[in-house]
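>>> I'd like to go over a predicted model; first the sequence, then the structure.
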Amino acid sequence: MRSIIQVGNVESPDVLPALLLACAAGAWPAERISADQLEKTVVSACSSGAPDAQIAHSLANIELTERLPLGRIESLLALPIGPRTRDVLQIAADVSAFLDQPPGQGPPPEAPSAV
């Protein structure tokens, strides 16, 4: 029997396994990698023809050490990856938005002024 979770107006049978995987990932220490290492890992996995679930699983327990630049996430999402890998990459990019920019990427954006 497959469970279906309703999120908003969308029923998704894949939400529960993804949620369980996200919760379980917190039980192990994350592997800290740079944006360059992430890109090399994803490109290598895609070129070797690894299945979407395998790539997503290998990325599920990573923690970026620096912000993933917008251009880099766009190029990663343009690769022939599946929906699970796409979700993991998007989550990694979102979480990395609070980190420092990679070296050589220019100064961080100015903080908004309190008016």
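Now that the structure is in, tell me what you want to look at. Numbers count the residues shown, from 1 in each chain.
>>> in the chain, what spans have low per-residue confidence?
1-29, 104-115 (pLDDT under 70).
>>> give me every residue that touches residue 74.
Residues near residue 74 by CB atoms under 8 Å, 6 or more residues apart in numbering: none. C-beta: built from backbone N, CA, C; applies to glycine.
>>> Same question for residue 81.
Counting by CB under 8 Å, 6+ apart, residue 81 makes contact with 42, 46, 52, 55, 89.
>>> taking the residues you listed one by one, which sit in helices?
Counting by DSSP state H, the contacts of residue 81 place 42, 46, 52, 55, 89 in helices.
>>> So which of the contacts of residue 81 wins on neighbours?
Highest neighbour count within the contacts of residue 81: residue 55, with 24 neighbours (other CB atoms under 10 Å).
>>> so that one makes contact with residue 47?
No - contact criterion CB atoms under 8 Å: residue 55 and residue 47 do not qualify, at 11.2 Å.
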